[in-house]
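A.B. asks: Dropping a prediction and its sequence here:
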Amino acid sequence: MIYLNDSAYILGTRIDATSYESATMRIMQWAEQRHSACIHAANVHMIMEAYDRSDFQAVLNRADLNTPDGMPLVHMLRRLANPRQQRVYGPTLMLHVCAAAAQAGTPVALYGGRPEVLGELQKRLVASYPALQITFAESPPFISAQELASDELVERITASGARVLFVALGCPKQEWLVNHLRPRLAMPMLAVGAAFDFHAGAVAQAPRWIQKLTLEWLYRLWQEPRRLWKRYAWNNPRFILLAGWQYVRGK
């Protein structure tokens, strides 16, 4: 088991050495303690967003847990902090937490995704974890993270009795939202990216062999070329150059 004894700053953003077991245990402890916590699943896109914006990097570095979601970050963390580090993928971590929440009787909330995706997601999660209590589920309007983080939203989530919040709005909007909610919601909040689409069956996940080859980005690009090509064309080459230099230096 890997605990949060080690972390590394990759292009200035802290990434934590952890595992599915350790991360889930901590999240459930925070839920039981009603502790407000921000959990992010970090990939190359997130690291480069943070590299370009110091205010966003500060948000990530204040987080309670930043897991190595992308394989390039796993390789970096093995080099810089923990040679045994494995991937802690946001969509898979969500399922681990749902399983633990179902077993513990801990209610959860879902925020993000299109209405039809959110409806299908709830059906599939309850089918997989019959004891899971989903007490809040909402597809938000297309407004800024700061506008979404209203007192009304805080009151509705709190009134639902949820103890864990999953947020799926895409990076960096979801990370900004949980940062805005952190002082007002006494629960762990997981920013899980495309997890809602994956688990609802709206978007197919890359096969494991593609993930192991660190080519998941290429699979995603093939699925959604119009939305993703600019992101990958701009971020991936820069990450390879900058992180490659950091990797060689070993710092």
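C.D. replies: Yes, it's here.
A.B. asks: the helices in the stretch 101-250 of the chain, which residues?
C.D. replies: In the stretch 101-250 of the chain, the segments counted as helices under DSSP state H, counting those that start in this stretch are 115-128, 145-148, 151-160, 173-181, 195-200, 208-212, 216-223, 225-249.
A.B. asks: Contacts for the shortest one next, please.
C.D. replies: Helix 145-148 is touched from outside by 140, 141, 169, 173, 174, 176, 177, 180, with contacts defined as Cβ atoms under 8 Å, 6 or more residues apart in numbering. Using the backbone N, CA and C atoms, a C-beta is placed for each residue, glycine as well.
A.B. asks: Please repeat the previous calculation with a cut-off of 10 Å.
C.D. replies: 111-112, 140-142, 153, 167, 169, 172-181 (Cβ atoms under 10 Å, 6 or more residues apart in numbering).
A.B. asks: which of these are buried?
C.D. replies: 111-112, 140, 153, 167, 169, 172-181 (16 or more other Cβ atoms under 10 Å).
A.B. asks: Let me know the pLDDT of residue 216.
C.D. replies: Among the per-residue scores, residue 216 holds a pLDDT of 66.
A.B. asks: typed the wrong thing, it's residue 53
C.D. replies: Taking residue 53 on its own, its pLDDT is 97.
A.B. asks: Give the full set of residues in contact with it.
C.D. replies: Taking Cβ under 10 Å, 6+ apart as the criterion, residue 53 is in contact with 59, 172.
A.B. asks: Against residue 174, how distant is it?
C.D. replies: 15 Å (Cβ to Cβ, to the nearest Å).
A.B. asks: circling back: for the helices of the stretch 101-250 of the chain, which one sits closest to residue 92?
C.D. replies: Closest to residue 92 of the helices of the stretch 101-250 of the chain is helix 195-200 (Cβ to Cβ; 8.6 Å).
A.B. asks: and that closest one, average pLDDT?
C.D. replies: 96.
A.B. asks: which intervals of the protein have sub-threshold pLDDT?
C.D. replies: The chain contains residues with pLDDT under 70 at 1-5, 204-207, 209-230, 232, 250-251.
A.B. asks: Using the record's assignment, carve it into domains.
C.D. replies: If you go by automatic domain parsing, the domain ranges for the chain are 7-200, 208-249.
A.B. asks: and those domains, which is most packed in?
C.D. replies: domain 7-200 (a mean of 19; mean count of other Cβ atoms under 10 Å).
A.B. asks: Could you give the separation of that one from the chain centroid?
C.D. replies: 4 Å (Cα atoms, centre = their mean, to the nearest Å).
A.B. asks: And the residue nearest to residue 151 when sequence neighbours are not counted, how far from residue 22?
C.D. replies: Closest residue to residue 151 apart from its sequence neighbours, by Cβ to Cβ, 6 or more residues apart in numbering: residue 184 at 7.8 Å. Separation of residue 184 from residue 22 (Cβ to Cβ) stands at 27 Å.
A.B. asks: now do residue 138
C.D. replies: Residue 138 is 30 Å from residue 22, by Cβ to Cβ.
A.B. asks: swap in residue 85?
C.D. replies: The value you get for residue 85 to residue 22, if Cβ to Cβ is used, is 11 Å.
A.B. asks: Right, I'll call it a day here.
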